[in-house]
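Trainee: fold the following for me, if possible:
(one chain, ligands or ions: 1)
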Amino acid sequence: MKRALTPGTFDPITSGHLDVITRAAQLVDEVVVAVAASPKKNPLFTLEERAQLVRQATSHLPNVRVEPFDELLVDFAARMDATVVIKGLRAITDFEYEFQMTALNYQLNQELETLFIMSPPQYMYLSSSIVREIASLRGDVNGFVPDCVKNALEAKFAR
Ligand code: PNS
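Mentor: Coordinates of the predicted model:
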């Protein structure tokens, strides 16, 4: 059984993330969406809220499950028995950061492969931080995020 991790902070999950997870699920037997605690990023949503939103957004995908984690990605991958990490790559600005993380993860565990899926054009410039900003200014996030996230953002920023 080929198991992949799709890691991220998912603060919150966007339509771009969902696109990557959906396509990853077509490539392997099982995808574990690894929701990182990322305390240094000071997330808007708690770890449990983020994991729950990813669960709701992916509930139609039978071979996807969601797990929060707060350790090195390579250690979590070993614990989950996952042999591949699949990530989305958007604009060229992502490259340097992803290149560094992939190189470091490779140093830490050469058995763990990292694959990238290119974002389709409509999601190239979409990010959780842009979505948070639009929502915080009462803008319309329709299409940028799954409906459950739209509702959660509205509740978060309700006066
Ligand atoms: O969505 P993000 O915030 O860009 O995802 C980054 C993430 C969570 C994949 C990355 O920070 C990560 O792997 N964190 C787990 C801790 C870890 O392994 N850090 C060293 C990476 S070389």
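
Trainee: need the longest helix for this protein.
Mentor: helix 93-108 (DSSP state H).

Trainee: what packs against that one?
Mentor: Where contact means 3 or more CB pairs under 8 Å, 6 or more residues apart in numbering; DSSP states H and E, helix 93-108 is packed against helix 73-80, strand 84-89, strand 113-118. C-betas here are computed from N, CA, C, even on glycine.

Trainee: okay, angle between the last one and helix 73-80 too, please.
Mentor: For strand 113-118 and helix 73-80, the angle between their directions (axes from the mean of the first three to the mean of the last three CA atoms, to 10 degrees) works out to 110 degrees.

Trainee: and the ligand, is the following helix or strand past strand 113-118 touching that?
Mentor: Sequence-wise, the next helix or strand downstream of strand 113-118 (DSSP states H and E) is helix 128-136. No: Helix 128-136 stays clear of the ligand (CB under 6 Å from any ligand atom), getting no nearer than 7.1 Å.

Trainee: which of the residues in whatever helix or strand comes next after helix 128-136 are buried?
Mentor: Later in the chain than helix 128-136, the nearest helix or strand by DSSP H and E is helix 147-156. Going by neighbour count (16 or more other CB atoms under 10 Å), the buried part of helix 147-156 is 148-150, 152-153.
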